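**Q** need coordinates for the following:
(2 chains)
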Amino acid sequence: EPEVTQTPSHQVTQMGQEVILRCVPISNHLYFYWYRQILGQKVEFLVSFYNNEISEKSEIFDDQFSVERPDGSNFTLKIRSTKLEDSAMYFCASSGVRNSPLHFGNGTRLTVT
Amino acid sequence: KQEVTQIPAALSVPEGENLVLNCSFTDSAIYNLQWFRQDPGKGLTSLLLIQSSQREQTSGRLNASLDKSSGRSTLYIAASQPGDSATYLCAVIEGTDKLIFGTGTRLQVFP
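**A** From the prediction side, this is the model:
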């Protein structure tokens, strides 16, 4: 069964550094998402992406965050200047059509020191 | 603002029991509701999706029901097994793209 793939599985970075989290969604999916889960807390929506543009973003997704689909397969989340509070598990998800089940990757655990 | 709550927060049962996990949401104007399973350190696996026009969905030993008017959904797990041990999350979509997740129920099934 097709899967959403995320790399790396674990990223450690120093405060103030830029990080790029990478995702390969399921190949025929059109809707892409990033979510995050701070340890012990709920899974939170960050951003949705369709037709090469952001369709919705949360309050968390400020100017430090950006997303890109640089080619036909990758979907990336960039954090320009990481803060300690950005430490979390970041999940990429994709779906084929609106309101269909979302398929999640295994996540990237980001640790900011 | 939509709030999604799940009870109980944790559940520990012997193998073979039938279980009910509860999910409640404050705003009934939802498009659909999705149940997920999360294993430690892993991603989210979609279990069932119920459209707002549906009352229930079934997959194997799992059955999910939805009562929009009362803002509730239940996930019924029949004949639980140790392999069912995980955290179960419910999430609603309100007509935008985003899922709003509940707090989760951590389930442990012991042999």
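**Q** near chain B, which residues of chain A are found?
**A** A:4, A:6, A:31, A:33, A:35, A:42-45, A:48, A:50, A:55-56, A:58, A:91, A:93, A:98-107, A:109 (CB under 8 Å from any CB of the partner chain). All C-beta spots, glycine's among them, are computed from the backbone N, C-alpha and C.
**Q** among the residues you listed, name the buried ones.
**A** A:4, A:6, A:31, A:33, A:35, A:42-45, A:48, A:55, A:58, A:91, A:93, A:99, A:101-107, A:109 (16 or more other CB atoms under 10 Å in any protein chain shown).
**Q** quick one: stretch A:65-76 to chain centroid distance?
**A** 10 Å (CA atoms, centre = their mean, to the nearest Å).
**Q** the buried ones among the residues of chain A next to chain B in helices, which ones?
**A** Among those, the subset assigned to helices under DSSP state H is empty.
**Q** tell me the buried residues in stretch B:32-52?
**A** Applying 16+ other CB under 10 Å to stretch B:32-52 flags B:32-38, B:43-44, B:46-50, B:52 as buried.
**Q** likewise for stretch B:54-68?
**A** So stretch B:54-68, judged by 16+ other CB under 10 Å, has buried residues B:57, B:62, B:63, B:64, B:65, B:66, B:68.
**Q** could you do stretch A:74-89 as well?
**A** A:75, A:77, A:79, A:82, A:86, A:87, A:88, A:89.
**Q** keeping just the C-alphas, turn it into PDB.
**A** The C-alpha coordinates for stretch A:74-89 follow below in PDB (Å, rounded to 0.1, in the frame of the first residue of the first chain):
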ATOM      1  CA  ASN A  74       8.600  16.300  -2.600                       C
ATOM      2  CA  PHE A  75       6.800  18.500  -0.100                       C
ATOM      3  CA  THR A  76       9.000  20.400   2.400                       C
ATOM      4  CA  LEU A  77       8.500  22.400   5.600                       C
ATOM      5  CA  LYS A  78      11.200  25.000   6.300                       C
ATOM      6  CA  ILE A  79      11.700  26.700   9.700                       C
ATOM      7  CA  ARG A  80      14.000  29.600   9.200                       C
ATOM      8  CA  SER A  81      15.200  30.300  12.700                       C
ATOM      9  CA  THR A  82      14.300  27.600  15.100                       C
ATOM     10  CA  LYS A  83      13.300  28.200  18.600                       C
ATOM     11  CA  LEU A  84      13.300  25.800  21.600                       C
ATOM     12  CA  GLU A  85       9.500  25.700  21.400                       C
ATOM     13  CA  ASP A  86       9.600  24.300  17.900                       C
ATOM     14  CA  SER A  87      10.700  21.000  19.300                       C
ATOM     15  CA  ALA A  88       8.000  18.600  18.400                       C
ATOM     16  CA  MET A  89       7.100  15.700  16.100                       C
END
